Structure formats: C-alpha cells, structure tokens
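1. mind folding the following:
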Amino acid sequence: MAVPQLTPHVPTPDDKDNPDRARLRRIGRQVRERLAANPAVYKVQVEKAELYALGGFLTPDECQRLIALTDAVARPSSAFDADYSSGYRTSYSGDPDPTDPFVRRIQRRIDDLLGIDPSFGETIQGQRYLPGQQFQAHTDWFPANTPYWPQEKNRGGQRSYTTMVFLNAVEQGGETDFPRLGITFTPMPGVLLIWNNADEQGRPNPWTIHAGTPVIKGVKHIVTKWYRARRWH
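-> Prediction:
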C-alpha cells in the first residue's frame, strides 16, 4: 500500500469531501480515551495534533523477525502521486504475509492497544531505508482534491490513525520529523509511535505532515499500520 504525497490542505464541505467526519470524530474520541487510561502510553506534548509514544512495544527478537520478513518481500516504495524515480520516496517497502501467525499477533496487539475494529486496519507494511534514502514531507490522510481519493473513499475511506514501530537503531540520520509540530524522533528499537490523522472535529489534520529524513549512515527499518474510518478492502 502506497502512501499519499502531500497536497496543500484546503478546508472543504464536510458532507461532500469529508464523508467520514463523524466516524473520524468518534474513532478519535474512543482511541483518545483508551490511550489516556493506559499508563504505559506517553502523550507527546504538542498543541496541534494528537501524538503518542510507547517504549518496548516490540521485543528485540520481534524486531529482528519483522526485519527479516520485510527484507524477504521488499520492493521500491511508491507514493500515490510520485514513482520511485522522482526521489520523493526512495525506501524499499514490503507487506509481510498477513496470514502468518506471527504477523497476525503483532497486528492484533496494535488493534487491542488502540481499541479499533481490526477490519478497519490496513495490512502491516515494513520499510527499509539505506544510506541516502528518505521519504519527503507528506501526510497519511487522503486529500479530497486528488485523483486517487474516489478509489480510496470506496475502499475504507479516510485514514484515521497511523501506528509506526522503529525496528532498529540507525547510526546517523533516518529520523521521523514532524516539521510543523517542531518535534523529531530518533529511531529506537521497539518504540511505537501513534498519531491521529484528524483533529478532534474529525477533519484531516495538516499539522500531521511528517518526513523520514535521509539515512546518513547505517540502515533504518520500520513497520507501519494504518487504520481507516470504515472497513478496509
């Protein structure tokens, strides 16, 4: 599953271009309350977005197994509006077999943490970044003024939450940067990041723009799981 390229955010009528607003508002409230009740989850102190972190979500062995599974199926990454040769997203990505019992356990653990219906979750995706590779600034939600939105609207609708786990330490570079929030995360094995792609009113949040900065030395591995507002096909 590719990730959309950043498109400037333009407020649009709720019913026409944001049919999932009520669902996003409801999912956000449910996840917000669930994470607030979990003492292991840290709410990152930023004003314009809901961002959380959880250390030790995966064990070192689980991280290594996911790295191996990703490497076995890795291919050049793509974005909805740009191919690999554009330089916009230059990592390698792979979708581990979702029927693999180990992968199913990891996915279910994320489902349970957030309390989101598992049928709303996309298949977990692994990504690998070699020196010089990056993912330029983008949002994970789908802008309504793009040619791919009608298709995505019919296969699960808007993305509600993003979850991402760092699988290894990177010698230099490879941070996950939220430039508009003024915060950057250095890869630490097993750490899970969670963010709401919408605001509290259920509108796609432009403050969640983020980037995978270029790896300077070493290799970066992560896994990502996105959730939709409706059942994902």
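
2. what are the boundaries of the helices in the protein?
-> For the chain, the helices defined by DSSP state H occupy 14-17, 21-36, 60-73, 101-114, 149-153.

3. quick one: residue 224 from residue 140, how far?
-> Per CB to CB, to the nearest Å, residue 224 is found 9 Å from residue 140. Placement of C-beta: from N, CA and C, glycine included.

4. let me fix that: residue 208
-> 7 Å.

5. higher neighbour count, the two?
-> residue 208 (24 against 21; other CB atoms under 10 Å).

6. which of the helices of the chain sits closest to residue 130?
-> helix 60-73 (11.6 Å; CB to CB).

7. the closest one to helix 101-114, inter-axis angle?
-> On the basis of axes from the mean of the first three to the mean of the last three CA atoms, to 10 degrees, helix 60-73 is oriented at 120 degrees to helix 101-114.

8. distance between helix 60-73 and the chain's centre?
-> Distance of helix 60-73 from the chain centroid (CA atoms, centre = their mean, to the nearest Å) equals 18 Å.

9. same deal with stretch 23-39?
-> That offset, for stretch 23-39, works out to 17 Å (CA atoms, centre = their mean).

10. would you mind writing the CA trace of it as PDB?
-> Extracted C-alpha coordinates of stretch 23-39, given in PDB (Å, rounded to 0.1, in the frame of the first residue of the first chain):
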ATOM      1  CA  ARG A  23     -16.600   8.500  12.000                       C
ATOM      2  CA  LEU A  24     -13.200  10.100  12.400                       C
ATOM      3  CA  ARG A  25     -14.500  12.200  15.300                       C
ATOM      4  CA  ARG A  26     -15.900   9.100  17.000                       C
ATOM      5  CA  ILE A  27     -12.800   6.900  16.500                       C
ATOM      6  CA  GLY A  28     -10.600   9.700  17.700                       C
ATOM      7  CA  ARG A  29     -12.600  10.100  20.900                       C
ATOM      8  CA  GLN A  30     -12.600   6.300  21.500                       C
ATOM      9  CA  VAL A  31      -8.800   6.000  21.000                       C
ATOM     10  CA  ARG A  32      -8.100   9.100  23.000                       C
ATOM     11  CA  GLU A  33      -9.900   7.800  26.000                       C
ATOM     12  CA  ARG A  34      -8.400   4.300  25.700                       C
ATOM     13  CA  LEU A  35      -4.800   5.600  25.400                       C
ATOM     14  CA  ALA A  36      -5.300   8.100  28.300                       C
ATOM     15  CA  ALA A  37      -6.300   5.100  30.500                       C
ATOM     16  CA  ASN A  38      -3.100   3.200  29.700                       C
ATOM     17  CA  PRO A  39      -0.200   4.300  32.000                       C
END
